[in-house]
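need coordinates for the below:
(one chain, ligands or ions: 1)
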Amino acid sequence: MTAPISTISALEAMEVHEAIAYLWTTAIRANLPVACWQLPHQSEKHLIVDFTGGETIERPEVEVLPKGFLVGPFLNESCPNFFIQAGLHYKTSEGSFQENFDAERFGTKAYANAQRFYQLLEEHIQQNTSEEVPYFSTNKSCEGVDKECFESMVEEGVRQICEKHFHKVVLSRMKTVKLKPGFNLLQTYWQIAEAYPRAFVSAISVPEYGTWVGATPELLISVENEEIFRTVSLAGTQSRDLFPSLSDVSWKQKEIEEQALVCRYIISCFKKIRLREYDEVGPRTVEAGHLVHLKSDYTVNMKDVNFPQLGSVMLELLHPTSAVCGMPKPEALKFIVAHEKYERSLYSGFLGPVNIENNTRIFVNLRCMQLLEGEALLYAGAGITFDSDPAKEWKETELKMNIMGKFL
Ligand SMILES: C=C(O[C@H]1C=CC=C(C(=O)O)[C@@H]1O)C(=O)O
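Next up is the predicted model:
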């Protein structure tokens, strides 16, 4: 199944924003999953549409998955991991298509979906109408907790840390924001992508999972050319505005320890698989929008250590990391489940492209929002340690929510 030549040439002649709007809108009209993203420090945007309708995956083996985009929740009990396969892949730098659709492999349903998609796309291009950008929306609208409630949860976290139940717990919340009339999802996405060139900026829309947009600073795992594995330890947050330049940023013991716990956690995962040959660089201060964090980088040469499945193994071991859950993990998780009064869903889960141009890059889903009809749900959390101040942690979640919030 290939796109009609006339459709391809019409799209290739278009400006990239317009081509993406046509492809995105058609995917939603055809009831098919769609993902759009931009990698850190790269202006190129990618868009994929899945003609199979997508599939749930219990244990993602990134080495053997086809080209696509992986999405995982914070907790698997709430919803399973989901894979959006690249039936169609559009890249803005070349303004060109790749169709990875093999009708024999995918069967009649996917073939019919692809046919319908291209028919709708052609009609849409001929109509040449600009309209609101549609997206899938789950009906779940819920109330976020207020400041008092969040602060008392933090107090309880600090109390349990002092009683040595755990060392660190990451507590989060959600808040609802009304969308302005005329809200345009893709226009907002372009603004976000332009504002955060260092982030992984993505927009996904899937019938079962709804629509999520985010600009995350945190890599979970990456595998480049089946050779280089990377992960990072990212924690500690301050407002960038407090310092004249990046080199002026200073960190208190609280943030240094908070980030060191994430480093310890990553190293403990390496130890579990007896991997000793890794490079560690950092911690250093990095910018993420109007915030700064402490970050350490870890690199492994998978060929040198003869570990071709390192990507999948570390994805399973690392998630959820101590940057979104806490330490030790089981105790922190128990506290989160018992005290956070909402479902994190895809927030603090993971998402990213798999086997696209021989690279897999999965990020932690932070600084994100879920779009419902007429409203957005903003999500953010903060790492709690023994000397956390509840009011400051609330403020930190406000600052983090503003990464998305200021575009609404
Ligand atoms: C949990 C979030 O951020 C994590 C990543 C960086 C810094 C963090 C912190 O300072 O608490 C968090 O661990 C979030 O953005 O919702």
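
what parts of the chain come near the ligand?
Residues of the chain lying close to the ligand by CB under 6 Å from any ligand atom are 170, 172, 218, 234-237, 293, 323-324, 366-367, 380-383, 400. Just so you know, the C-beta spots here come from the backbone N, C-alpha and C atoms, and that holds for glycine as well.

repeat that with 5 Å
234-235, 237, 323, 366, 380-383, 400 (CB under 5 Å from any ligand atom).

redo those residues as a markdown table? Include pLDDT.
Shown next, in a markdown table, are the residues of the chain next to the ligand (pLDDT from 0 to 100):
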| residue | pLDDT |
| --- | --- |
| 234 | 96 |
| 235 | 94 |
| 237 | 95 |
| 323 | 91 |
| 366 | 98 |
| 380 | 98 |
| 381 | 98 |
| 382 | 97 |
| 383 | 95 |
| 400 | 97 |
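
which ones among those residues map onto helices?
Judged by DSSP state H, the residues of the chain next to the ligand include residue 400 as members of helices.

next SSE downstream of the helix or strand of the chain with the lowest mean pLDDT?
Averaged element by element with mean pLDDT, DSSP states H and E, the chain has its least confident helix or strand at strand 96-99 (a mean of 67). Moving toward the C-terminus from strand 96-99, the next helix or strand (DSSP states H and E) is helix 103-127.

please name every helix or strand in contact with the helix or strand just after that following helix.
As assigned by DSSP H and E, the chain's next helix or strand after helix 103-127 is helix 147-162. With contacts taken as 3 or more CB pairs under 8 Å, 6 or more residues apart in numbering; DSSP states H and E, helix 147-162 sits against strand 168-178, helix 329-339, strand 375-384, helix 390-405.

can you redo the ones you listed as CSV with mean neighbour count?
Below are these laid out as CSV (neighbours: other CB atoms under 10 Å):
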stretch, mean neighbour count
strand 168-178, 21
helix 329-339, 17
strand 375-384, 24
helix 390-405, 19
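
what is the burial count for the residue of the stretch 151-300 of the chain at minimum distance from the ligand?
At 3.5 Å from the ligand, residue 237 is the closest residue in the stretch 151-300 of the chain, using CB to the nearest ligand atom. Residue 237 has 23 neighbours, counted by other CB atoms under 10 Å.

specify the beta-bridge partners of residue 372.
Assessed by DSSP bridges, residue 372 has beta-bridge partners residue 375.

so what pLDDT did the residue nearest the centre of the chain get?
Centroid-nearest residue in the chain, with CA atoms, centre = their mean: residue 365, separated by 3.1 Å. Residue 365 is assigned 98 on the pLDDT scale.

mind listing what it touches?
212, 214, 216, 346-351 (CB atoms under 8 Å, 6 or more residues apart in numbering).

please apply the same query to residue 227.
Residue 227 neighbours (CB under 8 Å, 6+ apart): 301-303.

for residue 33, same thing?
By CB under 8 Å, 6+ apart, the contact list for residue 33 reads 27, 49-50, 53-54, 82, 84, 204-207.
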